[in-house]
Every structure is written in structure tokens, then in C-alpha cells.
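Visitor: after the sequence you'll find the predicted model.
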Amino acid sequence: MSLTERKKILIAEGDPDTRSRLESGLAGEHDVCAVATVEDAIEAVKRFGPHVMTLDGSLGRQDNGNADALQLLRLARKARLRLEIIVVAPAGDRELAVRAIELGACDCCVRPFDLDEMAVLVRRALRVQDLEAAADALPDRLAGVSRFENLIGTCDAMRDVFSAVRKVAATDVGVLLTGERGTGKDLIARGVHHLSRRSDGPFVTLDPGATPPEFLEAEIFGGGNGNGTFNGAETVPGRIEQAAGGTLFLPGVDTLSQHLQARLLGFLQTGVIERVGSLEPTWADVRIIAAAGPDIASAAENGAFREDLFYLLGVVAITLPPLRERGEDIALLAEELLSRFSTEHGRSLSRFTRTAVRAMMVHAWPGNIPELENRVRRAVIMASGRTITAGDLGLDADPEREGRTLGEAKDALEHEIVVDALRRAAGNVSRAARSIGVSRSTVYDLIRKYELDVSAFKDLARKRPDAKTASDALGRPRGGGVGGGAAAAGDLDSAEGGP
């Protein structure tokens, strides 16, 4: 959810004081609509299109203890609205809270409550909704995603990167790529080269940080037997000469010594180099693209890196965002890698579970894209089911467990019970239903709810009858929210023939 985007909150509250308090408390951060009855709430859902509704669980309470509010929950679940519902229960009414969660409420709070508590619940519901929406949108997003070289990007930062590359590629000015390791600087450098007039020339790479210091100067500028470099060879061209007519890419340029910074500056200013051990100058037509860590600007300010070289290398500076700041791109990249690695390793794995997507989107990714590639490749090789779970990726299957809602906790326990029953029953639904004391239709409902693959339980039973990790291979809870489909709000009163 964008920090500047206002979401729509519907307050369905019978008590006028509480309704007024909620309306004034939430209106500063969200667009709010407040109603006093279930009938008005149904109309507001269709007309207002809220993202989250706070629902007074006792609205329309009848003599038999039932409430119209619970009927509204049933209708919302059946219509599969993209709507998160937070139920407000009377103090001590544990039964109402449990029934509300069973009917699909994403959360429940008990009176009396304070506004700060409700604000946290609303923000958490919106966060869950955004993550679920990202998982649902993966197939469509992949169809229209922006691609550049082997990079995928839909976030604003990556679109800015692609735009800058297309503009600067047509010129010969210096380009400085900055960002953390693993953000794709090498792919961007190749993209600049391939889009430039030098695309038919060589693309040469030399990483100063990975080259022994005693050989680095000769590697860049060339050398002869004057200093014994390269075992007495009479003349050896350096990487600058090797890249003549093309592009030299220098990742880790910020690791160059002051001496080599001065020599590189001299070449950029004159286009002339002198091989180590030789006084004969050589002219070279080379474009240099450099890459460095995110702190090179600070190093230039404090003198650790030559400021004149910094500005000459970076006539155009392009900063690549770390993976953790790229939002939906994480899931899109993972989906692309899953397709590639599944083909490469001969596996028929179709997708990630919803929990896996959520885990990826909240993971910090300190290793950026290489870490994502490593986790997805390993998951493709090691996964036991037909989908990739958070456990297969080596990520926390419940990354937000400290703030987990009652609905999510219930789903997690329910999922664990049905998976264990199916595992012990080797995929036999009737036997699994008897073991946990429910009907076969209930087990089938749970299989659909948690997207379980019954045939995988049977396969596991044949291959590893003592396997204790079947639950990791067979899907995870989809989350505690009512959302999950794309039904229009107008379908609400047709779901069961009206409230």
C-alpha cells in the first residue's frame, strides 16, 4: 500500500458514540463512511466500495442470539469480496468472536477498545489485503511486465532506471552505476552497451576488487617485460585496449588505489594510455561504465575517492534499488526464476503458495537478486509438492507471527490439523475426515480453502511413508481475510438470495 494512498473504511456500528469516535479517529488517515444498520452496510459496500469494514457484531441481534451482522459475514464470504472485516464483539462474548472468525472475519476486538488499537488492526488488515492482491495478480502482472536485458521491473525506481539507460545509451558519456551488491549493475551495464552505437564492439569486464593489487595496473593499462609482468611477455595489451571500439565495465571502481584513480582520470581526460614499463603512448577509443557501492558519493566528499574522477565517471549516475525496496517485483522475479529453473531441472512446479509470496515480500533480502536466485533454485530442486512453500525457500512460513490475527492463528491450526490427517490417511479423504471427526464435505472444503494437493499426499505415502514434512510440501493457509476473489460489491445480496 502506498503511504500516500488513502483507503476506504466502512464503519458499521450501532452505538452512536462509538460510531462517532471511530469515524473521527480513522478519518485523518483514511476515507471513512459510517452507518448504523446491516441494511445500510450492505448498500455502502456496493456504493462506497470499502477496503476494510469494522462491523459491530451485535447489530440486528435477535431473540435466539443470532445477529444480522453474522449473516453479513456469510454473504461477504460467499461473494468472495476483496474486503477485510474486523468484528467488534461485546465484552465477554467469546462465542461471538469465535463464530465471526469462523465466518471469515480477518480480526476481532472486544469492547471496550481504544482508537489506537483499532487503527493498528485496520493497518494490519490493509497490509494483508495488499499481500493477497499481489499474489493474485502475479499471472497478469507477468504478462505486462517491463523487461530490460534479464531484469524485470514494475516499481517506479526500476522504471526510472530503464528510462535513464535508454537515454544515456545513445551517448558516449560516462555512466556510474551505484547500489548494493547483487542489484543487477552488471546487467544494466550490458544493457547500455547493447543499446549503444558500440554494440558491435567488445564488452570487456574487469573487477578491480577481484584482481591481485600487484597485477591490477598492468591488467587495466597493459604491460611489458620492463617490470617482469606476465612472465616476460614483450607487450601485453590491457583491458582498455582490449575494449577498443566497445565498452569497458569496471565494477568495484571504488576499490581502486589513489594511484590508479589518478591514472584512470588521466585516460578519461586525454584518451591516451601508457603501458606499465613503457613510455610509448597509445590512444584508445573506449567507453567506460563504472559501478560502485552506495557510499561512493560520501567517499568522494571525504577524499577517500577522487572527486574529479567521481564526476567524470558519473556524468550520468544511475542508482539501482535493493531488492527489499522493489515491492511486487520480488514476486515477479521469483515467478520468472521458478519457470526458468523448473525447465532447467526437469521439474513440473507451477507456482508459489500464498504464504510463500507473503514471506518473500517481507524478507529483507540482504543478498539481493543472487540470494533470490539461490533460494528459488534450491526450492525447485528440493520441493516435495507441486507448489513452492515458504519452507522450501528457507523462509519463515509465518513472517508476521508476532502480529498475527486471531483469524490467521485459527487458519494455521486448522490447516495443520487437516494436513496431518491427510498425511496419516495417505490422502484418503474419508479416513482423514473420520480421524478428526468431521464430514467428508468439510474436508473437501478445507482442501479447496488451503489449495492442498491430495495426490501429493498419496505420492509421499508411497515414496516416504514416514515423512514428517508433508505439510511443508502441500500448501499453507491463505491468510485470515475474507478477500481472495474479484467479485463485484454488487454481487453481495445475490450470494444467498439477499440478507
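Guide: That came in fine, so what should we check first?
Visitor: can I get the CA coordinates of the strand or helix carrying residue 96 in PDB?
Guide: Following DSSP states H and E, one finds residue 96 within helix 94-102. What follows is helix 94-102 as a C-alpha-only set of coordinates in PDB (Å, rounded to 0.1, in the frame of the first residue of the first chain):
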ATOM      1  CA  ARG A  94     -16.200 -15.200  23.300                       C
ATOM      2  CA  GLU A  95     -18.700 -17.300  21.300                       C
ATOM      3  CA  LEU A  96     -19.500 -14.300  19.000                       C
ATOM      4  CA  ALA A  97     -15.800 -13.700  18.500                       C
ATOM      5  CA  VAL A  98     -15.200 -17.400  17.600                       C
ATOM      6  CA  ARG A  99     -18.200 -17.500  15.200                       C
ATOM      7  CA  ALA A 100     -17.100 -14.300  13.500                       C
ATOM      8  CA  ILE A 101     -13.600 -15.700  12.800                       C
ATOM      9  CA  GLU A 102     -15.100 -19.000  11.500                       C
END
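Visitor: now do it: which elements does it pack against?
Guide: When contacts are defined as 3 or more Cβ pairs under 8 Å, 6 or more residues apart in numbering; DSSP states H and E, helix 94-102 packs onto helix 68-79, strand 84-89, strand 107-110, helix 406-424. Any C-beta I mention is one placed from the backbone N, CA and C, and that applies to glycine too.
Visitor: turn those into TSV, including mean neighbour count, mean pLDDT and distance to residue 13.
Guide: Below are the helices and strands packed on helix 94-102 laid out as TSV (neighbours: other Cβ atoms under 10 Å; pLDDT from 0 to 100; distance: least, Cβ to Cβ, whole Å):
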stretch	mean neighbour count	mean pLDDT	distance to residue 13
helix 68-79	21	78	10
strand 84-89	28	88	7
strand 107-110	22	83	12
helix 406-424	19	72	20
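Visitor: okay, now the unreliable bits of the stretch 301-450 of the chain?
Guide: For the stretch 301-450 of the chain, applying pLDDT under 70 flags the ranges 397-410, 412-413.
Visitor: just to revisit the earlier point, tell me the angle of the helix holding residue 96 relative to strand 84-89?
Guide: Angle of helix 94-102 versus strand 84-89, following axes from the mean of the first three to the mean of the last three Cα atoms, to 10 degrees, is 170 degrees.
Visitor: buried sites along helix 94-102?
Guide: For helix 94-102, burial by neighbour count (16 or more other Cβ atoms under 10 Å) applies to 96, 97, 99, 100, 101.
Visitor: equivalent analysis for stretch 353-360, please.
Guide: So, applying 16+ other Cβ under 10 Å, buried residues of stretch 353-360: 353, 354, 355, 356, 357, 358, 359, 360.
Visitor: ok, those residues vs residue 299, which is closest?
Guide: Distance ranking of the buried residues of stretch 353-360 against residue 299, using Cβ to Cβ, places residue 360 first at 32.8 Å.
Visitor: how many other residues sit next to residue 440?
Guide: 13 (other Cβ atoms under 10 Å).
Visitor: quick one, phi/psi of residue 38?
Guide: When read as degrees, to the nearest 10, the backbone of residue 38 gives phi -60, psi -40.
Visitor: can you pull the contacts of it?
Guide: 12, 59, 60, 68, 69, 71, 72, 499 (Cβ atoms under 8 Å, 6 or more residues apart in numbering).
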